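Student: give the three-dimensional model of this entry:
(chains A and B)
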Amino acid sequence: MTDTQRTLGPIELEVIHGTIRAAELEIEAAVERTARSPMIRDQHDYRVALFDAKGRKLTGRSYSAIVEPVFQYFGADDIHPGDVFFWNDPYNSCGGIGHVPDLCTTVPIFLGERLIGFSQVFGHHDDIGGAVPGSLPVHATDSWMEGTMIPPIKLYERGKLNAAAFRIIVRNSRLSEHLAGDLDAEIGAARLGSRRIVALAERYGIDTLEAAFDQILRNTAEVFRREILPKIADGAYTFEDYIEHDGVDEDRLHALRVTMIKTPDRIVLDFTGTDPEAKGPINWALDEAEGRYFRKWLAPTLRSLADSPERAAEIDSNEGVLDVIDVVFPEKGTLITPTFGKPTGMRFFLMLRTLGAFAACLSKATGGRMPADHETIRIWGVTGGRRQEDFYLFREVLGGGSPGRPWADGSDVVHIVPNSKNLPAEFSETRYPILVEELGLKQGSGGPGYHRGGFGYDKRIRVLDECRLISNADRSLLGCYGVNGGKAGENYQVSVIDAEGEETVHPGMSDTVTVPAGATIRVVTTGGGGWGDPLARPVARVVADVQCGLVTESSARHDYGVVLRCEGRIWQADLAATEAQRAGLAKARGIPAMFDRGPYFAALKAAGKVARPEGFPDPDAGWFARPVA
Amino acid sequence: MGLQIAIDTGGTFTDVVAIDRTTGAITAVKTPSTPADPSIGLLDGVRKVLAEVGADDADLDMLLHGSTVATNAVLEHKFAGLGLVVTRGFRHMIEIARQSVPDGYGNSFFWVKPPRLVPLHLVREVPGRMTFEGAEIEPLDEGAVLHAVRELVEDGVRCIGVCLLHAYANDAHERRIGELVRAEFPDVFVSLSSVVLPEYREYERAMTTLIDVLVKPYCKTYLQSAADEIRAKSGDIPFLIMQSNGGVVKHSTAGEKPVTMLLSGPAAGILGSIHMARLAGYKDILTVDVGGTSTDVAIIEDYAPMYTSSSMVESYPVKTPMLDIVTVGSGGGSIAWVDPYGQLKVGPRSAGADPGPICYGRGGTQPTVTDAAIALGRLPSALIGGAIRLDDAAARGAYEDLGARFGLPAEEVAAGALEIAAVNQVFGIRQVTTTRGREPGAYAMVAFGGAGGLFATEVADLLDIRTVVSPPNPGNLCAFGLHVSDVRRDYIRTLVRQQSAADSGEILGAWTELAATGLADIEAEGIAPERIRIQRIADMRYFGEGHEVQVTIPEGLAGEAALAHLWDDFHRVHDQTFGFHYRDKQDVEIVNLRIQAIGEQSRPRIQADSTARAPAAPFGSRRAYWRRTGWVDCPLYRRTELALGQSVSGPAIVEEYGSTVVVAESWSVRADPFGNRILEKSL
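Tutor: Predicted coordinates:
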C-alpha cells in the first residue's frame, strides 16, 4: 500500500487537521515577522485563513474570512497557479471587508494543475488615502472620502505582477512604503501557507485530503450541536442595541434589532427591524453570499456556553458553523444592508453590537448564563507636526473592561483582537511629544454584579506641542449592558483639561479638535457590564475591591449593599449593617431586570426617546434575573 | 586528582556529571531533587558521584550548577509578601499589563486574566519623575518613600520591587530608594529595576524586577547553604552558577540577581550540544531536547546560539537576556487518547515521570509515546543495562485496546501515535524557524534528552533535515554542558539616539563605561584579564518602529569605525530578520547598548577514541514495525561497539545504557571518535 492510496483513517485525519492548525499559526508568525504597519505588527489587527477548493474556511482561530469574491469575479476557469487576488472594497467583497484599510490578499493553492484550496491574509494597514491620516474619517458621508476602493483584481496573473495596479494602489497611501511592504508580507505569508497544504496533498493524495476537509467541517458542526445547542432553550428571542452617534447627524440611537429563533439543531438570527443606514461611517455591508461571512463572524459567540473557558478556547470556528447558524437580512438600506457608497469606516461599532445583541438573546434562552457586554475596539490618538518631515500619527487601540460572566469577574482593559498591545509610556514619550501623566484603571467603571465587569482605562497625557485629537469611539453615552441582574459598565469619555484645570468633554467621534501645547488629554474607556445580582456578591470580594481602591465606599454601600468601616488602612465590613442594607435595597428594588443599560439609556427611555417600529416591543420588558446559584 | 562536578537540578531528578581534569574520564549519576531546599539534593549529588569515582572532598576542584528551581518557585505561585513601588500615576501598571488576550479572536469574552504578582493594595506610588533623556522634572519625595515602605512592611511585605518611569535613563531616584530601604528596613529584600533590567518598557521591566525579588530569598538561601558546606569540606573552590544567558557566575553574584538563573538547566544543554556538534563537524544546528512532557528547541548558527530578551514564565514576562530556547510539542510521556468525538490525539497531557508510561510498571494506565515505541519493537524490554525491566506486554495491550476503538491492529495505531507525536514536534519546530525566518532543512539536528533518539529521523524527514547527531549520554547533556561553559555577564543601557542626530562620543562613552564595569566584574569572578572578551551589541530599529534587532560589532573594530559598522550592518540584519529594509530611506535609531563580558574558562578535554576496531556485528535482532513496510527483522547494535568508518543502514536499532537510537529506513548511522552517533539520510 502506498501513501497516496491510503484512505482517511484516524491518524491521517489528526495529522491533516493538526497541519492546518499549525499552518494557520505559521502564517500568522510570517505576517508578524515581515509586515510593517504598526496596526498589524503591534496591534495585531490582521487575520489569516486557509480554505478548500470550494471556498470553505478550514481554519478555526480567526472569526471570519471569505474567498467568495474570487468565484464571483473570476470564475472557476480563470483561477491559475501564480495568481494573487486582491481587494479591499466593502461593497464588492461578499461581506468580507468591512472598511477600506483592511487589504485582503488571496492565493489559490494548486497541486499541479488542480485547484485544491486558497490561502488568505488580510490586515489593517496604516493608510489607504481618504480625508484624514489613518483612513478613518469620522465625518465621512460617502465611501470615497474614506480612501481608495479596490474591487477584486489579480495583483499577480500566473506569477506576473500587475505593476500598474500595484503603483496605483501604493500611490494612494500617505505611507506608501509601508503599504508596499505590507502587501509583500501578506503575499509571502499566504504562499507559505499554501506550501503546507500542497505537502499534505502530495503525502496523502487529494481524495484523502478532501475527505479530511469534509470531516473537519462536520466535526466542528458536531461540537456546536453536542456541547452548545442543548444548553439553549428552543424558542424565539428578541434584542436590540444601539450606536449612539454616526459622526454626521446629531446624536440619536441607531438600533440593531435581532430575533433569534432556536430549534434543536439550528439557530436563525433575523435582523429585520434594524434601523435605516446612517449618513455617517457606522454602516457595515454584509448582505451578500448568503451571509456566509456574517454567520462565521457571529457563531464564535456561542463558545461562551462551553463547559469552561479553557474548553471555549479550544473550539474551532470554521465553515462547519454554517450548519448550525443562519441569518435573515432586513430589506436593502439598513445599517447592515447599506446601499452602495454609504460610509463604513467605523463598522467596528456594529461588529461588537452584533456580538452583544446575539449574546443577549442567548442570555434570555439560557437563564442568563452568558457574559454581559463589553466594548474593546476604539482608536484614539494625536496627530501633529508642522511639515511633512515632522508629521506624526500616534494611534492606540485602547481596550476596555471585559464582561462579568457566570464564572468570573470581567478582566480589566482587554482587547478583543488577540495579542494586541497598548503602547508603553516609555516608548510613547520617546517617540512623540507627549508626557504620560497617568496610566490607570477608571475607578468604579466596571458594572456592579455578582461578578462585576472589568475596569476601563483612565489615561492622561500631557501634550508638549499643539496637535489634533483623534477619537473613533462608540459607547461614549450608553454603557455596556449588564446581564442577569448585573449593572451596566461606565461609558467612554475623551476630554481636554487646559492649563487652568478646566475640563472640556468632546464627542467620542472626533478628529478636528485642536489641543494646545501644555493641555492634558484624558481618555476613559468603557467598563464591562456586570453579571448577576450585586447584592449577592460575596462581601469579602467587595471589601477587597474597596481595599484596592477600585470601588468606592459609596458604591459598596449603594450598589453592593456592603457597609464598610476603615481602621487604619484596613477596610472591614460591618456584617450586621450590611445584612440590613442589602435587605433594604433588595426590598426597594424588587427582582432585578435581566438587562441594565445604564443611566443615559434610562433617561432617554423615561423621556420617551426610544422609538421602535410597529411590531417590535421593548425587548427588555418582562425579563428578570435568575437567582445566582 | 582534580575533579570538577556539574549538577543539573531538575524538578524530579538531579543529574550529576563529574570530569577528571587529568584523564578526561566522565562519570554520571542521578539522585532525587529536593525542591524544599535544593541544596540537599545538590550536596547528595556531590557525595554520590565522589563515591562512584572513588574520590574524596579534597579532590573537588570546581563545582558547577544549573537548575530550573527558580522557575519552579515562580510556577508554584507563592507570591505572598511581595510589594511594588512605582512612579505616581502608574499604580495600576501591572493590573493593566499590555492589555493583550492570548489565542483566538474574541476570547476576551471568556478569558480570565491570571492573578497579578502583587495585589493592588500592596502597590505604592511615590512622587518624583524623570524624562526619557534622564532629566529630573520632579524631585523624589523621600518622606513619601519612607511612608510607603513603612506601610508595606506593616502590611506583611518582605520583598519589594522598585520600578520608576525612565529609571533606565537615570537611576538616581531608584538608587536613593534602595539606600533608604536598606538603612531603615535591613531585613527587607529589595530589587531595583535599574539594576535588574535597565531597559525601556515599564511593564516588562517591573515584572522582571518582581520575579527577581520574588525568588531572591529562596535562591540566595539555598546557594549560600550549599556554598558554606562545600567550603567547609573542600575549601575555597569555585562554585559557579549557570544563568539563562548560557554563562556562569559565582554563586554570590547569582544570588544577588537570581532572575538571571531562571532557565539555566536547558541553557547548559545548548552549550553541551554545541560542543559535541563542533567535534562532529557541524556548525549550524537545531537542538531538539526531548523530555518526558515536552521538547525544547533552539537554533544554533556558526556555533553561536541565538539570544532573546522576551521570555515568559507562565503569563509573566521576563526580559533578561536568555538563550533563545522554545518549548514545543510532545515528549516521551505524552499520552495517546481519544477525544469525545472519536478523534485520536497525542498530548498535550503527559504521564510525566510519575507514574510514567505503562511499560515502566509504576501505575501508569494511559498509553504514551514511549509505550508505542515498545509496542512497535523499537525499544528494548529492559533499560539502563537491565536495571529497569519494561513491561512490553502491557504497553502492547494498551494499544490493542486503543486500536479496537478504530478497528485497527495495535501496531497500526501505535505507529500512528508515534507519527502524530513526530508531526506535533514538527509543528513546534516550524513555528520556531518561521518566526525567525529560517528553513530547517539547512541545519543538522542534535537530538538529545531521554527520548531524543526515538523518532528523530521521522521528525527530520518531515523537515527535510538530512543529518541527526546523537551525542554521547544524551540524557545527561545538560549537566555535561555546564562543564564547557564560560563566565558571562550581560549589561544593558537604554540610550535612544537617531543616526541623523547622534553624538558618537556620547554613544561610545556610554559603551566604554559599560565595558569597564563588565571587565571589573569578570575579573572579580577570578578570570585573568587576558582571557576576558567584551562583545558590543546594539538593539536598533528604524525610527518609528516598536521592535528592535540586535547588531553586533565584530571584534577588532573600535571607535568611529565600530559605529559606522553598526549604522551600516543594521540594514542587513533587519532584512535578514524581517525580510525588508529601508536603507537610505528612513532614519535609524539605536535603542539599547549591550555588553556581553565573557571570561573564558579552560575546558576539560574530551578524548578522541580513534582506536581501530573490527566493525560491529549485530548482537541480535528484534521484529519492529514501520507504517510503510510493516513488521521487519531489525538488527540490534550496541552503541559502543560501532567502529569508526562503519556505516549501518536502517532499519536498525542502536542500544545503549541510557537511551536508544532508532535508525529508520533510508537512514544510516556511523560513529565519530568523540562518542557521537551520526545518522544520515540515504540518497
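Student: so what does the helix or strand where residue A:380 lies touch, helix or strand wise?
Tutor: Using DSSP states H and E, residue A:380 sits within strand A:379-384. Applying 3 or more C-beta pairs under 8 Å, 6 or more residues apart in numbering or on different chains; DSSP states H and E, we find strand A:379-384 packed against strand A:392-397, strand A:467-472. C-betas here are computed from N, CA, C, even on glycine.
Student: could you give the angle of that strand to strand A:467-472?
Tutor: Strand A:379-384 and strand A:467-472 meet at an angle of 160 degrees, taking axes from the mean of the first three to the mean of the last three C-alpha atoms, to 10 degrees as the criterion.
Student: okay, strand A:379-384 in PDB with CA atoms only?
Tutor: C-alpha atoms of strand A:379-384 as PDB (Å, rounded to 0.1, in the frame of the first residue of the first chain):
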ATOM      1  CA  ILE A 379      -8.900  54.000  18.300                       C
ATOM      2  CA  TRP A 380      -7.600  57.200  19.800                       C
ATOM      3  CA  GLY A 381      -4.500  59.200  19.200                       C
ATOM      4  CA  VAL A 382      -3.000  62.500  18.300                       C
ATOM      5  CA  THR A 383      -1.500  63.700  15.000                       C
ATOM      6  CA  GLY A 384       0.700  66.700  14.600                       C
END
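Student: for it, which strands pair with it and how are they oriented?
Tutor: strand A:392-397 (antiparallel), strand A:467-472 (antiparallel) (DSSP bridges).
Student: out of those strands, deepest packed?
Tutor: Most buried of the strands paired with strand A:379-384, by mean neighbour count (mean count of other C-beta atoms under 10 Å in any protein chain shown): strand A:467-472, with a mean of 23.
Student: any idea how far that one is from the chain center?
Tutor: 21 Å (C-alpha atoms, centre = their mean, to the nearest Å).
Student: what's downstream of it, the next helix or strand?
Tutor: Next along the chain after strand A:467-472, taking DSSP H and E as the criterion, comes strand A:482-483.
Student: one step back: save the helices and strands packed on strand A:379-384 as TSV, and put in mean pLDDT too.
Tutor: Shown next, in TSV, are these (pLDDT from 0 to 100):
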stretch	mean pLDDT
strand A:392-397	86
strand A:467-472	94
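Student: show me what contacts residue A:295?
Tutor: Residue A:295 sits next to A:321-322, A:325-327 when contact means C-beta atoms under 8 Å, 6 or more residues apart in numbering or on different chains.
Student: show me how chain A divides into domains.
Tutor: Chain A breaks down into these domains under automatic domain parsing: A:3-223, A:371-533+A:597-629, A:536-591.
Student: what about residue 350, neighbour count?
Tutor: Using chain A here. By the criterion of other C-beta atoms under 10 Å in any protein chain shown, residue A:350 has 25 neighbours.
Student: wrong one, chain B
Tutor: Neighbours around residue B:350, by other C-beta under 10 Å: 21.
Student: got it, and residue B:547?
Tutor: By the criterion of other C-beta under 10 Å, residue B:547 has 16 neighbours.
Student: so the nearest residue to it once chain neighbours are set aside is in which element?
Tutor: The shortest distance from residue B:547 to any non-neighbouring residue, by C-beta to C-beta, 6 or more residues apart in numbering or on different chains, is to residue B:541 (6.4 Å). Of the helices and strands defined by DSSP H and E, residue B:541 is found in strand B:532-542.
Student: could you give the average pLDDT over the helix or strand just after that strand?
Tutor: Heading C-terminal from strand B:532-542, the first helix or strand you meet, by DSSP H and E, is strand B:549-552. Mean per-residue pLDDT for strand B:549-552: 92.
Student: tell me what strand B:549-552 is packed against?
Tutor: Short answer (3+ C-beta pairs under 8 Å, 6+ apart): strand B:549-552 packs on strand B:532-542, helix B:559-578.
Student: backbone phi and psi for residue B:117, please?
Tutor: phi -70, psi -30 (degrees, to the nearest 10).
Student: quick one: contacts for it?
Tutor: Residue B:117 makes contact with B:79, B:82, B:94, B:207, B:210-211, B:214, B:316, according to C-beta under 8 Å, 6+ apart.
Student: can we see that at 6 Å?
Tutor: Counting by C-beta atoms under 6 Å, 6 or more residues apart in numbering or on different chains, residue B:117 touches B:79, B:210.
Student: what of residue A:320?
Tutor: Residue A:320 is in contact with A:217, A:220-221, counting by C-beta under 6 Å, 6+ apart.
Student: how about it: what's its closest non-neighbour residue?
Tutor: residue A:220 (3.2 Å).
Student: again, but for residue B:537
Tutor: Closest residue to residue B:537 in three dimensions, ignoring its sequence neighbours and counting by C-beta to C-beta, 6+ apart: residue B:594, at 4.2 Å.
Student: give me the element that neighbour is part of.
Tutor: Assigned by DSSP H and E, residue B:594 falls in strand B:588-599.
Student: residue B:633 contacts residue B:620, correct?
Tutor: No. Judged on C-beta atoms under 6 Å, residue B:633 makes no contact with residue B:620 at a distance of 10.2 Å.
Student: residues touching residue B:538, list them.
Tutor: The contact partners of residue B:538, by C-beta under 6 Å, 6+ apart, come to B:551, B:566, B:590, B:593.
Student: against chain A, how distant is it?
Tutor: 16 Å (C-beta to the nearest C-beta, to the nearest Å).
Student: same deal with residue B:549?
Tutor: For residue B:549 relative to chain A (C-beta to the nearest C-beta), the value is 11 Å.
Student: in the lowest-mean-pLDDT helix or strand in chain A, what counts as buried?
Tutor: Using mean pLDDT, DSSP states H and E, helix A:38-41 stands out as the lowest-scoring helix or strand of chain A, at a mean of 78. Across helix A:38-41, burial judged by 16 or more other C-beta atoms under 10 Å in any protein chain shown covers A:38-41.
Student: for those, give me CSV that also has distance to residue B:17.
Tutor: Converted to CSV, these look like this (distance: C-beta to C-beta, whole Å):
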residue, distance to residue B:17
A:38, 48
A:39, 51
A:40, 47
A:41, 44
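Student: domain map for chain B?
Tutor: If you go by automatic domain parsing, chain B breaks into B:3-74+B:220-264, B:78-218, B:267-485, B:486-599, B:620-681.
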